[in-house]
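[1] Provided below are the primary sequence and the corresponding predicted coordinates.
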Amino acid sequence: MATEGTKMVKAIRVHEHGGPEVLKWEDVEIGEPGEGEIRVKNKAIGLNFIDVQIRKGAYKSATLPFIPGREAVGTVTAVGPGLTGRDVGDIVAYGGNPMGSYTEEQILPASAVVSVPSSIDPIVGASVMLKGMTAWFLLRRCFKVEAGHTVLIHAAAGGVGYLLCQWANALGATVIGTVSTEEKAAQAKEDGCHHIIINTQEDFVAAVSMITSGKGVDVVYDSVGKDTFQGSLACLKTCGYMVSFGQSSGAIDPVPLSALAAKSFFLTRPSLFHYTEARDELLKAAGELFTNVASGVLRVRVNHTYPLSQAAQAHVDLENRKTTGSVVLIPDGADLQGCKPDDVSI
């Protein structure tokens, strides 16, 4: 039962690391926002593969139990004492820290959220904040993609991959994408891949060599990890950039420096949270993202929506590679301002 100053809301909570079955639909207490904080009633919540990894324990959470999720759009329902620049009724979004978005309402630092333009639908915003800002820092900060570059993007039909393909294409790069099925290959083509490799049917290293006439690519964006890392290195040209930003297939084995010395490779294992740690960088990332969505440079694919209470099924489908594009969780009774979940591509 809620104590004075608190209210009960529904949330997904994890009491032990494990499979999707550990995602429990429970009542939790939420209090009033403190200094520098706001309370937000979520309209739509983004699902990301990092949620799966944290649930499993691959990335340790601070404490158990915890509420997963790192991305949402919602309405401000309360503002902490003395806070200026943010009002009840504002539509805001966040992607990154803190964890805890799988809930009907949550307390957030005001410094972590950005205003959502009226042109951005709540479901679209929730689906693209973390993944879209990830695409931004990968393409504009880790390695600045420009016209004439050739890039290799693994999981090209995935939640980050499809945005990377669209954005890299718009920047004038030649885009090579790997996917696992014919269906995903068709999507990757629509999203701007010039060359598509179905890696369940052919060796991607040999295919990249053929596409580039043996020269290799300027940069590889690899979210797969263990299964693709060594092959990704083999695809790089001299002085190429290896950007490893995920490990959906498992942790990467230790890499000796000699593996990089072979062709003077650059290797980075970046995190969005570091690249948007400064408030001005967060605002720049979100601003460029929203501008590209509104202009049509980025065509957001929300291919799957689930009720928040069915987050476990969403995790099952994501892990079994049954999803493409973005996946969004919708709290019961969320006010979506006329948005229909089946019609949210823009």
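    Alright, I've got the coordinates.

[2] middle-most residue in the protein, spatially?
    When the chain is reduced to its mean C-alpha position, the nearest residue by C-alpha atoms, centre = their mean turns out to be residue 131, at 2.8 Å.

[3] ok, and that residue, which helix or strand is that part of?
    helix 122-137 (DSSP states H and E).

[4] check which element follows that helix along the chain.
    Heading C-terminal from helix 122-137 (DSSP H and E), you reach strand 150-153.

[5] thinking again about what came up before, quick check: the residue nearest to the centre of the chain touching residue 161?
    No: Residue 131 is not in contact with residue 161 according to C-beta atoms under 8 Å; the separation is 9.1 Å. Any C-beta I mention is one placed from the backbone N, CA and C, and that applies to glycine too.

[6] which parts of stretch 103-118 are buried?
    Neighbour counts using 16 or more other C-beta atoms under 10 Å place 103, 104, 105, 106, 107, 108, 110, 112, 113, 114, 116 of stretch 103-118 among the buried residues.

[7] mind pulling the model confidence for the second one?
    In this case it means residue 104. Confidence at residue 104, expressed as pLDDT, is 98.

[8] in contact with the nearest residue to it once chain neighbours are set aside, which residues?
    Take residue 104 and drop its neighbours on the chain: the residue closest to it by C-beta to C-beta, 6 or more residues apart in numbering is residue 9, 4.2 Å away. The neighbours of residue 9, taking C-beta atoms under 8 Å, 6 or more residues apart in numbering as the test, are 27, 28, 30, 103, 104, 105.

[9] one more time with 10 Å, if that's ok
    Shown here is residue 9, whose contacts under the criterion C-beta atoms under 10 Å, 6 or more residues apart in numbering are 2, 26-30, 41-42, 103-106, 331.

[10] before we move on, what about residue 110?
    Residues 33, 35-38, 76, 79-80, 83-86, 92 are the ones in contact with residue 110 under the rule C-beta under 10 Å, 6+ apart.

[11] and with 7 Å instead?
    With contacts defined as C-beta atoms under 7 Å, 6 or more residues apart in numbering, residue 110 is in contact with 36, 37, 38, 83, 86.

[12] which of those residues fall in strands?
    When DSSP state E defines the strands, the subset of the contacts of residue 110 inside them is 37, 38.

[13] ranking the contacts of residue 110 by neighbours, who comes first?
    residue 38 (26 neighbours; other C-beta atoms under 10 Å).

[14] helices along the chain, start to end?
    Secondary structure of the chain, counting by DSSP state H: helices at 49-56, 122-137, 161-170, 182-190, 204-211, 229-234, 257-261, 272-275, 279-295, 311-319.

[15] the last one - contacts with which helices or strands?
    Going back to what we said before, that points to helix 311-319. Based on contacts counted as 3 or more C-beta pairs under 7 Å, 6 or more residues apart in numbering; DSSP states H and E, the elements that helix 311-319 packs against are strand 23-30, helix 49-56, strand 326-330.

[16] nearest to residue 63, of those?
    Residue 63 lies closest to helix 49-56 among the helices and strands packed on helix 311-319, at 12.2 Å (C-beta to C-beta).

[17] which parts of the closest one are buried?
    Buried residues in helix 49-56, counted by 16+ other C-beta under 10 Å: 49, 50, 51, 52, 54, 55.

[18] which of those lies closest to residue 305?
    Sorting the buried residues of helix 49-56 by distance to residue 305 puts residue 51 at the head of the list, at 15.6 Å, by C-beta to C-beta.

[19] please parse this structure into its domains.
    The chain is divided into the following domains under automatic domain parsing: 7-129+286-330, 147-269.

[20] quick check: residue 122 vs residue 171, distance?
    When distance is defined by C-beta to C-beta, to the nearest Å, residue 122 is 28 Å away from residue 171.

[21] who has more neighbours, the two?
    For residue 122 and residue 171, the more surrounded residue by other C-beta under 10 Å is residue 122, and the numbers stand at 25 against 18.

[22] before we move on, back to that, and which of the contacts of residue 9 is nearest residue 19?
    Proximity to residue 19 was ranked across the contacts of residue 9 by C-beta to C-beta; first place goes to residue 26, at 17.5 Å.

[23] grab the nearest non-local neighbour of that closest one.
    Take residue 26 and drop its neighbours on the chain: the residue closest to it by C-beta to C-beta, 6+ apart is residue 13, 4.9 Å away.

[24] contacts only, for that neighbour.
    Contacts of residue 13 by C-beta under 7 Å, 6+ apart are 24, 26, 28, 65, 67.

[25] who's it bridged to?
    Taking DSSP bridges, one obtains residue 24 as the residues bridged to residue 13.

[26] alright, that wraps it up for me.
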